[in-house]
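Undergrad: Generate coordinates for the sequence data below:
(one chain, ligands or ions: 1)
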Amino acid sequence: MEHVTHEELMRWLDEELPLERAAALAEHMERCTECRRERVVFETLGGELRMAVDAPSPGQAWPGVQKRISRPIGWGLFVVGLAVWVVYGVVSYALSPIALWEKLASGGIAIGLAMLLGSVLREHYLAWRKDPYRHVQR
Ligand SMILES: [Zn+2]
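TA: Down below sits the predicted model:
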């Protein structure tokens, strides 16, 4: 058998050769150092080519950048707006002509709920930070 041609080598590596031909090539590879060397070169080239194809092109980078920029802005606006409303609500509630015991009771309910929500969110955040698979995309 002659040396393996480059085209056949590529088709063999892509598993596109008929079984008998592939077996003959494999047998030749066992004996021929030169063709084994060619195979290593082609496998390396093929791997690098696949990595280059799989690497995100500049056009595909935009969704990631947008996510990194727009999410913090969205959260920032949400938190600031919520804080303004909470302060406004607390001040107008404190200044309203409602009996003091009513203010203290509903203040206790509001503060208790906020503490409960905060502790639950904190636990979830800490569990999320310890999760070794949090960077794995589904
Ligand atoms: Zn050969």
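Undergrad: Now the closest residue to Glu34 other than its chain neighbours: which helix or strand?
TA: Counting by CB to CB, 6 or more residues apart in numbering, His3 is the residue found nearest to Glu34 once chain neighbours are left out, at 6.4 Å. Glycine gets a C-beta too; all of them are placed from N, C-alpha and C. Secondary structure from DSSP states H and E places His3 outside every helix and strand.
Undergrad: Report how many residues lie close to Trp12.
TA: By other CB atoms under 10 Å, the residues close to Trp12 number 19.
Undergrad: err, Val80, not the other one
TA: 10.
Undergrad: For it, list the residues it contacts.
TA: Applying CB atoms under 8 Å, 6 or more residues apart in numbering to Val80 gives no contacts.
Undergrad: and if you look at Leu116?
TA: Contacts of Leu116 (CB under 8 Å, 6+ apart): none.
Undergrad: how near is it to Leu9?
TA: Distance of Leu116 to Leu9, computed by CB to CB, to the nearest Å: 66 Å.
Undergrad: Name the residues that touch whatever helix or strand Val41 lives in?
TA: Element membership of Val41, judged by DSSP H and E, is helix 33-54. For helix 33-54, the external contacting residues (CB under 8 Å, 6+ apart) are His3, Val4, His6, Leu9, Met10, Leu13, His28, Met29.
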